[in-house]
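A.B. asks: A predicted structure for the sequence below; I have some questions about it.
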Amino acid sequence: MGPTMKILHSLGLKHATETDCGTVREVCRAVSTRAAHLVSAGISAIVNKMGRERVAVGVDGSVYKYHPHFKELMTQTIDKLTHSDVKLMLSEDGSGKGAALVTAVACRLAGNS
C-alpha cells in the first residue's frame, strides 16, 4: 500500500482505488504549485520594486520547510520574474514574527548584505 492510500485509509476512506490516489496526488500537486507561484509572485513584485541587485528573503512555515518541491518551485518562479539575485533563507522562529530581522542579521553576519 502506497503513502497516498495509507493517508486515505487513515481518513476513513477504506474503499479508495489507485485511480482515487492518482487524483489526490494530482490535486495536491496543482494546489501546492499554485501556492508556490502565488507567494513567489508577491515576493518578486516587492524585490522588483526594491531595485536591488541582491536580496535575501526570510521564509518561515512548515510548507516551505517540509514540502519536497516548494522551495524549488519558489526559486524557479522568482528567477523567472526578477532580475535580482534572490536568496531564500529558512527562518525558524516559530511564530513567523521577526523572520525578516533574523534573515537580515544572518546575511549581515555571513557578509551577504
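C.D. replies: Right, received. Where do you want to start? Numbering: from 1, shown residues only.
A.B. asks: okay, and for this structure, where does confidence drop off?
C.D. replies: 93-100, 112-113 (pLDDT under 70).
A.B. asks: How much space separates the residue lying farthest from the centre of it from Thr23?
C.D. replies: In the chain, counting by C-alpha atoms, centre = their mean, His15 sits farthest out from the average C-alpha position, at 32.5 Å. From His15 over to Thr23 the distance is 14 Å, taken as C-beta to C-beta, to the nearest Å. The way it works is simple: take the backbone N, C-alpha and C, and place the C-beta from them, glycine included.
A.B. asks: Helix, strand, or coil at the residue farthest from the centre of the chain?
C.D. replies: Three-state call for His15 (DSSP: H, G, I helix; E, B strand; the rest coil): coil.
A.B. asks: and the gap between it and Met5?
C.D. replies: For His15, the distance to Met5 equals 11 Å [C-beta to C-beta].
A.B. asks: same question, Arg34
C.D. replies: From Arg34 across to Met5, the span is 25 Å (C-beta to C-beta).
A.B. asks: Looking at those two now, which is surrounded by more residues?
C.D. replies: Per other C-beta atoms under 10 Å, whichever of Arg34 and Met5 has more neighbours is Met5, with 16 against 11.
A.B. asks: what separates the nearest residue to that one once chain neighbours are set aside from Val102, distance-wise?
C.D. replies: Spatial nearest neighbour of Met5, chain neighbours left out: Cys21 (5.4 Å); criterion: C-beta to C-beta, 6 or more residues apart in numbering. Distance of Cys21 to Val102, computed by C-beta to C-beta: 39 Å.
A.B. asks: Check Lys49 too.
C.D. replies: Lys49 is 22 Å from Val102, where distance means C-beta to C-beta.
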